[in-house]
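K.L.:
structure for this input, please:
(4 chains)
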Number of protein chains: 2
Amino acid sequence: MSKSVLELTPVEAVACCSPVTREPLSAEAADRVAPLVKAIADPVRLRLVSLVASHADGEACVCDLNDAFDLSQPTISHHLKLLHESGILDREKRGVWVYYRVNRDALRDLATLLGGVSA
Amino acid sequence: MSKSVLELTPVEAVACCSPVTREPLSAEAADRVAPLVKAIADPVRLRLVSLVASHADGEACVCDLNDAFDLSQPTISHHLKLLHESGILDREKRGVWVYYRVNRDALRDLATLLGGVSA
DNA sequence: ATAGGACATCGACATCTGTCAATATAGAGG
DNA sequence: CCTCTATATTGACAGATGTCGATGTCCTAT
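P.N.:
You can find the predicted model right below:
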């Protein structure tokens, strides 16, 4: 059974849309997509995504990420939570550590939405 | 002579970067790029870009855009200003009217930054 | 069982952002 | 010059956001 629109993660919401340049985005679609764009519209979160993506094995634990910033651990945790909830980062707990990896499909869909050549 | 980094528009700032998934984004690069992403990280602005892009002749005057929203004229003007300052929308005044059109290169560069296959 | 480390959550706070009403500016037509 | 219309700017305000210190939770090792 398919989820209702309200249950969609931001990532699922964007996967269905043709590029913004192709046809007018409805108010509803815009409301669903905007949170995903907001999720990466922050310098710390852009760097987090970038760090995770380019880390060995495509994943990084929070301990690695904390060290890369001059910010408190709760602040990094907060940004990671946002990225995870929006569907951009996947989470996996192994032992005491938590590993994040990027959801490449999410980024690709987002790129398609913005500058995309195909629907 | 080339502009200093501080004079770059957000669009110029993003044009030089490889995809976020390729290598860690520096703090400085993230600070330069984030404003551009923020510029479209709003449902109203996403719809504005979409409306302008898919309008006849690829341009739309403010009067057309105001009518498409249930928002005050100053609010739309504010969002258009943000999009223009970030380099996503180009402005042209003709007579009493002001026409906006999307900077396709800006969107393409942004898409490349996020999900990009090439640098 | 107890201690310690890794990460998340909470509560507070300052700043940023989206919105509006009021007002300003600028061009066109009388 | 005066008025009307289109758009921008200003000032104010509520709500969202980024940050921190303090605390909670969960796992591991001793």
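
K.L.:
quick check, central residue of chain A?
P.N.:
Computing the C-alpha centroid of chain A and ranking residues by Cα atoms, centre = their mean puts A:I88 first, at 2.1 Å.

K.L.:
if I look at the closest residue to that residue other than its chain neighbours, how far off is A:E59?
P.N.:
Among residues not flanking A:I88 along the chain, A:A106 sits closest, at 5.1 Å (Cβ to Cβ, 6 or more residues apart in numbering or on different chains). All C-beta atoms are positioned from the backbone trio N, CA, C, and that covers glycine. A:A106 sits at a distance of 15 Å from A:E59 (criterion: Cβ to Cβ, to the nearest Å).

K.L.:
which of the helices or strands spans A:R91?
P.N.:
In this structure, A:R91 sits in strand A:89-94 according to DSSP states H and E.

K.L.:
and that strand, is it in reach of chain B?
P.N.:
No. Using Cβ under 8 Å from any Cβ of the partner chain, strand A:89-94 stays clear of chain B, with a minimum separation of 12.2 Å.

K.L.:
kindly export that strand (C-alpha atoms) in PDB.
P.N.:
Below are the C-alpha coordinates for strand A:89-94, written out as PDB (Å, rounded to 0.1, in the frame of the first residue of the first chain):
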ATOM      1  CA  LEU A  89      21.900  10.800   5.000                       C
ATOM      2  CA  ASP A  90      21.400   7.200   6.000                       C
ATOM      3  CA  ARG A  91      22.100   6.100   9.600                       C
ATOM      4  CA  GLU A  92      23.500   2.900  10.900                       C
ATOM      5  CA  LYS A  93      24.500   2.100  14.400                       C
ATOM      6  CA  ARG A  94      27.300  -0.400  14.800                       C
END
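
K.L.:
ok, that strand: who's next to it in the sheet?
P.N.:
strand A:97-102 (antiparallel) (DSSP bridges).

K.L.:
for the strand it pairs with, give the mean pLDDT please.
P.N.:
Mean pLDDT, strand A:97-102: 98.

K.L.:
for the helix or strand following it, which positions count as buried?
P.N.:
Sequence order places helix A:104-115 as the next helix or strand after strand A:97-102, per DSSP H and E. Neighbour-count burial for helix A:104-115 flags A:A106, A:L107, A:R108, A:D109, A:L110, A:A111, A:T112, A:L113, A:L114, A:G115 (criterion: 16 or more other Cβ atoms under 10 Å in any protein chain shown).
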